[in-house]
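Chemist: whatever this is, show me its structure:
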Amino acid sequence: METLGYDLSSYQGNLSSDVFSAIAAEGKFVVIQVNYGTPDNSRVLNVDSNFALARSLAQASGTVHGLYHFSYPTLNSASDEADFFVSTIGDLSEGEFIALDFEEPIKNADGSLSSDNASWAYSWLSSVESQTGVKPLIYMDQNLYLNIDWTEVANAGYPLWIAGYTNDPSNLGSFPAKYWSFVSMGQYSDKGTMPVNGDIIDLDVFYGPLDNLRKLGKQIVMTTTTTNQTTTTVSDPVSSTTTPTIVIPDTSSTDSVSTAPEAGGAVTANEPSSSGSVEKVATSTE
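Modeler: Here you go, the predicted structure:
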């Protein structure tokens with residue numbers, strides 16, 4: 001099963017309750033940019049101008065949504081950017097998921113990709129997870145996926161969100177299974193349109209039902225304690241660190257991402273298929 005969504009930042013304007021009500025009615029989700037390191041040399045961290053409004057509209061409309069940080073590892077430390085992200089988002093509401101947008105890599109003097117990229121990303125991810133109790137996704141393009149050693153990040157269980165601008169949510173292109181054996185989410189177009197206002201926007205796809213995407217976010221466990229016939233109910237936040245998966249098996253004979261239907265049941269992350277491709281699965285926390 002595939003669930004479609006939108007990638008929202010300050011590039012999209014004219015936000016309103018009608019926009020988010022339409023997204024919710026479509027059964028889609030939205031990922032909202034929270035903040036970013038600056039591309040100049042001032043090393044200032046910035047809050048996206050649409051973040052507060054977009055988040056409040058998503059919450060009010062019941063739209064499933066996530067929050068992401070656009071990183072600048074060449075300008076800032078992972079700890080500074082992680083702390084800034086966490087302080088900006090404050091307390092997560094139930095079902096809010098989070099992500100690191102990793103697009104501006106550290107490069108060596110000769111222009112090659114530095115080995116420090118994965119360790120920077122891991123530091124951000126692990127810091128944010130420890131502070132929020134939620135395991136973030138990591139977004140990247142296929143060039144960074146193929147040319148950086150992501151072993152530490154993948155082995156720690158941070159879900160993969162990868163770009164492949166094919167304009168087809170069922171096909172992100174052909175790339176081999178290296179560190180992740182499955183893709184949790186994809187970005188398949190940069191030429192989508194927002195409902196109601198018609199703004200141009202990036203389009204995303206989650207490989208699973210909307211409820212599974214919500215389960216990647218903040219979870220609240222309700223516990224009831226009875227003392228002297230007085231009942232008290234307490235909300236306890238719990239971590240989304242375990243990710244059972246619903247596998248979408250690869251039935252193709254090529255190296256493309258699988259487009260086979262969802263298999264039933266919750267299972268652990270699968271090994272790469274015999275074709276050596278990256279498979280799509282729907283991750284959840286149950």
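
Chemist: quick one: the strands in the stretch 51-200 of the chain?
Modeler: Applying DSSP state E, counting those that start in this stretch to the stretch 51-200 of the chain gives strands spanning 65-70, 97-101, 137-140, 160-163, 182-183, 185-193, 200-206.

Chemist: for the helix or strand following the last one, list the C-alpha coordinates in CSV.
Modeler: Past strand 200-206, heading to the C-terminal end, the next element that is a helix or strand (DSSP states H and E) is helix 210-214. Listed in CSV are the C-alpha atoms of helix 210-214, where the atom choice follows Å, rounded to 0.1, in the frame of the first residue of the first chain:
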residue,chain,number,x,y,z
LEU,A,210,-1.4,6.2,7.0
ASP,A,211,-1.7,4.7,10.5
ASN,A,212,1.7,3.1,10.2
LEU,A,213,3.3,6.5,9.3
ARG,A,214,1.6,8.0,12.4
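
Chemist: in helix 210-214, what counts as buried?
Modeler: Buried residues in helix 210-214, counting neighbours by 16 or more other C-beta atoms under 10 Å, are found at 210, 212-214. Placement of C-beta: from N, CA and C, glycine included.

Chemist: go on, stretch 86-95?
Modeler: For stretch 86-95, by 16+ other C-beta under 10 Å, it's 86, 88-89, 92, 95.

Chemist: next one: stretch 48-58
Modeler: 48, 50-51, 54-55, 57-58.

Chemist: of the residues you listed, closest to residue 163?
Modeler: Among these, residue 48 lies closest to residue 163 (C-beta to C-beta), at 19.1 Å.

Chemist: grab the nearest non-local neighbour of that closest one.
Modeler: Nearest non-adjacent residue to residue 48, counting by C-beta to C-beta, 6 or more residues apart in numbering: residue 33, 4.4 Å away.

Chemist: tell me which two in the buried residues of stretch 86-95 are the farthest apart.
Modeler: So, those by C-beta to C-beta: farthest apart are 88 and 95, at 18.6 Å.

Chemist: quick one: neighbours of residue 159, just the number.
Modeler: 25 (other C-beta atoms under 10 Å).

Chemist: pLDDT at it, what is it?
Modeler: Residue 159 is assigned a pLDDT of 97 by the prediction.

Chemist: please tell me how far the residue nearest to it when sequence neighbours are not counted sits from residue 71.
Modeler: Of all residues not flanking residue 159 in the chain, residue 184 sits nearest, at 3.8 Å (C-beta to C-beta, 6+ apart). Remark: distance between residue 184 and residue 71 (C-beta to C-beta, to the nearest Å) = 19 Å.

Chemist: the stretch 151-286 of the chain: helices as residue ranges?
Modeler: 151-155, 210-214 (DSSP state H, counting those that start in this stretch).

Chemist: follow-up on the earlier one: pretty sure the residue nearest to residue 159 sits against residue 206.
Modeler: Yes - at 7.1 Å, residue 184 and residue 206 qualify as touching, with contact defined as C-beta atoms under 8 Å.

Chemist: more neighbours, those two?
Modeler: residue 206 (31 against 25).

Chemist: hmm, residue 1 and that one touching each other?
Modeler: No - assessed by C-beta under 8 Å, residue 206 is found out of contact with residue 1, at 9.0 Å.

Chemist: per-residue confidence for residue 253?
Modeler: 34.

Chemist: next: residue 14.
Modeler: pLDDT recorded at residue 14 is 87.

Chemist: go on, residue 37?
Modeler: Confidence score, pLDDT, at residue 37: 77.

Chemist: report the contact partners of the nearest residue to it once chain neighbours are set aside.
Modeler: Nearest residue to residue 37, sequence neighbours excluded (C-beta to C-beta, 6+ apart): residue 72, at 2.9 Å. Counting by C-beta atoms under 8 Å, 6 or more residues apart in numbering, residue 72 touches 36-39, 81, 104.
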